[in-house]
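Asker: Fold the following, please.
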Amino acid sequence: MQLRERVDKLKEDLDNRIEQEYQYIKNEANPREKINEYFKNIRWDSPELAAYVKKKMLDILNLND
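Answerer: Numbering: from 1, shown residues only. Take a look at the predicted model:
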């Protein structure tokens, strides 16, 4: 497998994992608050990943302003 294919697979895996987490938060009273909790917890280890996850979750929930 070439590097480009591995990178595409990594992004696909991340997006699938974000979609799985979305299943946990979609019925929350305040999903935006829950997304911010994810962001705060992830950013300590990886700020760039936290921003990506937050953006994708907001996009999925159609809350991105």
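Asker: need the contact list for the spatially most central residue of the chain.
Answerer: When CA atoms, centre = their mean is applied to the chain, the residue found nearest the centroid is residue 53 (2.6 Å). Residue 53 sits next to 18, 38-39, 42 when contact means CB atoms under 8 Å, 6 or more residues apart in numbering. The C-beta positions use only the backbone N, C-alpha and C, and glycine is treated the same way.
Asker: go with 6 Å
Answerer: Neighbouring residues of residue 53 by CB atoms under 6 Å, 6 or more residues apart in numbering: 18, 42.
Asker: can you dump the C-alpha coordinates of the helix or strand hosting it into CSV?
Answerer: When elements are assigned from DSSP states H and E, residue 53 belongs to helix 47-60. What follows is helix 47-60, C-alpha atoms only, in CSV (Å, rounded to 0.1, in the frame of the first residue of the first chain):
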residue,chain,number,x,y,z
PRO,A,47,-4.6,20.6,19.6
GLU,A,48,-4.8,20.1,15.8
LEU,A,49,-6.6,16.8,16.2
ALA,A,50,-9.0,18.4,18.7
ALA,A,51,-9.8,21.2,16.2
TYR,A,52,-10.4,18.6,13.4
VAL,A,53,-12.7,16.5,15.6
LYS,A,54,-14.7,19.5,16.8
LYS,A,55,-15.2,20.8,13.2
LYS,A,56,-16.3,17.3,11.9
MET,A,57,-18.7,16.9,14.8
LEU,A,58,-20.2,20.3,14.3
ASP,A,59,-20.5,19.6,10.6
ILE,A,60,-22.2,16.3,11.3
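Asker: mind listing what's buried in it?
Answerer: Buried residues in helix 47-60, counted by 16 or more other CB atoms under 10 Å: 50, 52-54, 56-58, 60.
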